[in-house]
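Participant: sequence plus the predicted model coming up.
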Amino acid sequence: MMFQNNFRWLIIASLFFSGTVSRAHEGHEYGPADPSVRVWTFADTGAHIHGAYVGSRDGKVQVRRTDGTVISLEIEKLTILDQKWIERKVAQVKEINENTTPIHSEVKLVVANVPSKPEIAETFEPFAKLNAVKYRQDENFFYVESNSMPDHRMMVGITAWQQQVPIPQPYFGDNAWRIPLEPVVAKNPLSAKSHFFRGAIALAANGVPIFNPIKNDGRTDTLLAGELDEFGGHCGRGDDYHYHIAPTHLQEIVGKDRPIAYALDGYPIYGYTEPDGSEVQGLDEFNGHSTPQLGYHYHATRKYPYLNGGFHGEVKEVDGQVDPQPRAGGVREAPAGTKSFAISLWHTAPDQEKSYWLIYNIPATANHLVKNDKTTGTVGLNDKKRASYDPMCSKGPGAKTYHISVYALSSEVELAKGSDNRAALLKAIKGITLAEKTLDFVYERTK
Ligand SMILES: [Zn+2]
Ligand SMILES: [Zn+2]
């Protein structure tokens, strides 16, 4: 089972991470019959209700079910994605109501003097409202700040793993993403088939960078190779989460008529269809074309190149990547005074806490464990009273959350052999823990 074979490298990437695997449910497509019907999901049970949004007030959302009945759901009990969808709907309705207010001519004059928000801001606005991104602009560029951690679960569905875990990235301040406000048609358009195998080629509306679908070896299609999760993303060597295909799942949040991303040359990337829902026609080799309404723009496709397959617009290439672009941050240092580390793999079952794997007295100099490492530190006892890893056996349906905790300790730990289990460790490290961090990951049986 993939889960058992692959869990060890979860430790490898970093000893201090603040990434948690989000449990947000992703199944929110519009129903095929009635476009206003969507799927509502209860956060705790995962149960679904199909229905159209009617309205929301006093913490409840009214949903018209497909049989015509209107029911009231407690917003708090729905998934974060559902909650955000409602938030956005409320904002949209408010905006429409406000825009119908007649504007006096004096007011119009004042408004005319305020520099208008660039078109590109509309794509990032929904995520700015959710505090996932921040944006600003100067004369030439639009800047987007983010930590590149999307609001959906990550790393689920990968079959060819890169042995990394997502860590928030410092794409802030001088290290923000930069997109030209006025794209310039390139004299020599560069193809992503032969260029840009490093770094990002586009930025998604949620502040997550999008890399070339072809890996840095210049030939592997990351999607076909099974290296991408269910949202088309994964982590790179810097533990930086990024997509490799167009993030069409964002369409629901930005709106069907908005770009879901911007290529780093400044041209927008739309979804599988035109903003009015009509079929996309006549794409060039970079997945782009010009229409009277939008001018030049790219589209998402289900097959290669998936998004902009190069740059119609001007970009500078340095060392195989668009330049300049933000740097990903490496693994963080352990706190000063750290003398040893301990790692525990555990799980809270309804009736008890379970411990599957425990290592302590890992030298402070270690910043990773290689796969199948059995010589670093001391292996403590698992619940079966053996000094080894005990495979987790997920029983029954539903998602189970497991935890990997890493502790930075100000000294080594002395535990009596034969009773060095998780409980003994937790007791022993009470006064010597300088820092700790837990990575949660969710395993859901498919059968
Ligand atoms: Zn990648
Ligand atoms: Zn188009």
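Facilitator: Thanks, I have the structure now. Ligands and ions are numbered 1, 2, ... in the order given.

Participant: residues in contact with residue 246?
Facilitator: By CB atoms under 8 Å, 6 or more residues apart in numbering, the contact set of residue 246 is 210, 232, 260-261, 269, 271, 300-301, 306-307. Where you see a C-beta, it was placed from the backbone N, CA and C, and this is true even at glycine.

Participant: now residue 88
Facilitator: Taking CB under 8 Å, 6+ apart as the test, what residue 88 contacts is 126, 129, 253.

Participant: helix, strand or coil for it?
Facilitator: helix (DSSP: H, G, I helix; E, B strand; the rest coil).

Participant: what helix or strand is residue 368 on?
Facilitator: Under the criterion DSSP states H and E, no helix or strand holds residue 368.

Participant: tell me the phi and psi of it?
Facilitator: phi -170, psi 160 (degrees, to the nearest 10).

Participant: re the thing from before, could you dump the contacts of residue 246 to JSON lines with pLDDT, distance to residue 318 and secondary structure?
Facilitator: Listed next are the contacts of residue 246 as JSON lines, based on pLDDT from 0 to 100; distance: CB to CB, whole Å; DSSP: H, G, I helix; E, B strand; the rest coil:
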{"residue": "210", "pLDDT": "98", "distance to residue 318": "19", "secondary structure": "strand"}
{"residue": "232", "pLDDT": "98", "distance to residue 318": "26", "secondary structure": "coil"}
{"residue": "260", "pLDDT": "98", "distance to residue 318": "27", "secondary structure": "coil"}
{"residue": "261", "pLDDT": "98", "distance to residue 318": "22", "secondary structure": "strand"}
{"residue": "269", "pLDDT": "98", "distance to residue 318": "23", "secondary structure": "strand"}
{"residue": "271", "pLDDT": "98", "distance to residue 318": "31", "secondary structure": "coil"}
{"residue": "300", "pLDDT": "98", "distance to residue 318": "27", "secondary structure": "coil"}
{"residue": "301", "pLDDT": "98", "distance to residue 318": "28", "secondary structure": "coil"}
{"residue": "306", "pLDDT": "98", "distance to residue 318": "24", "secondary structure": "coil"}
{"residue": "307", "pLDDT": "98", "distance to residue 318": "21", "secondary structure": "coil"}
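
Participant: quick check, nearest of those residues to residue 41?
Facilitator: residue 232 (20.8 Å; CB to CB).

Participant: which residues does the residue lying closest to residue 272 once chain neighbours are set aside contact?
Facilitator: Of all residues not flanking residue 272 in the chain, residue 300 sits nearest, at 5.5 Å (CB to CB, 6 or more residues apart in numbering). Counting by CB under 8 Å, 6+ apart, residue 300 touches 245-246, 248, 260, 269-272, 287, 306-307.

Participant: and for residue 377?
Facilitator: Per CB under 8 Å, 6+ apart, neighbours of residue 377: 340-343, 359-363, 366.

Participant: what's the ChimeraX line that selects buried ones from those?
Facilitator: Those of the contacts of residue 377 that count as buried under 16 or more other CB atoms under 10 Å are selected in ChimeraX with:
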select :340,341,342,343,359,360,361,362
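
Participant: redo the contacts of residue 377 as TSV? Include distance to residue 225 and secondary structure.
Facilitator: Converted to TSV, the contacts of residue 377 look like this (distance: CB to CB, whole Å; DSSP: H, G, I helix; E, B strand; the rest coil):
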residue	distance to residue 225	secondary structure
340	38	strand
341	33	strand
342	36	strand
343	30	strand
359	32	strand
360	37	strand
361	38	strand
362	33	strand
363	36	strand
366	31	coil
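
Participant: which one in the contacts of residue 377 is the model shakiest on?
Facilitator: pLDDT across those is lowest for residue 366, at 83.

Participant: sorry, back to before: quick one: buried ones out of the contacts of residue 88?
Facilitator: Looks like those have 126, 253 buried, using 16+ other CB under 10 Å.

Participant: tell me the pLDDT of the residue positioned nearest the centre of the chain.
Facilitator: Closest to where the C-alpha atoms of the chain average out (CA atoms, centre = their mean) is residue 150, at 2.8 Å. Note for residue 150: predicted pLDDT of 96.

Participant: ditto for residue 16
Facilitator: For residue 16, pLDDT reads 38.

Participant: and residue 380, how far from residue 418?
Facilitator: Distance of residue 380 to residue 418, computed by CB to CB, to the nearest Å: 10 Å.

Participant: try residue 46
Facilitator: Counting by CB to CB, the gap from residue 46 to residue 418 is 42 Å.

Participant: before we move on, what about residue 293?
Facilitator: Taken as CB to CB, the span from residue 293 to residue 418 is 74 Å.

Participant: please apply the same query to residue 375.
Facilitator: Residue 375 is 21 Å from residue 418, by CB to CB.

Participant: now for residue 131, how many residues are close by?
Facilitator: As a burial measure, residue 131 scores 7 neighbours (other CB atoms under 10 Å).

Participant: ditto for residue 278
Facilitator: Other residues close to residue 278 by other CB under 10 Å number 9.

Participant: ok, residue 205 next?
Facilitator: 28.

Participant: cool, and residue 379?
Facilitator: 18.

Participant: which sections of the stretch 301-447 of the chain are below the confidence cut-off?
Facilitator: 330-332, 445-447 (pLDDT under 70).

Participant: mind listing the strands for it?
Facilitator: For the stretch 301-447 of the chain, the strands defined by DSSP state E, counting those that start in this stretch cover 310-313, 316-318, 321-323, 340-348, 353-363, 378-379, 399-409, 433-444.

Participant: and the longest one, what's buried?
Facilitator: Put plainly, it is strand 433-444. Those buried within strand 433-444 under the rule 16+ other CB under 10 Å are 437, 439, 441, 443.

Participant: need those residues in TSV with distance to residue 405, can you?
Facilitator: As requested, these are exported to TSV (distance: CB to CB, whole Å):
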residue	distance to residue 405
437	7
439	8
441	12
443	17
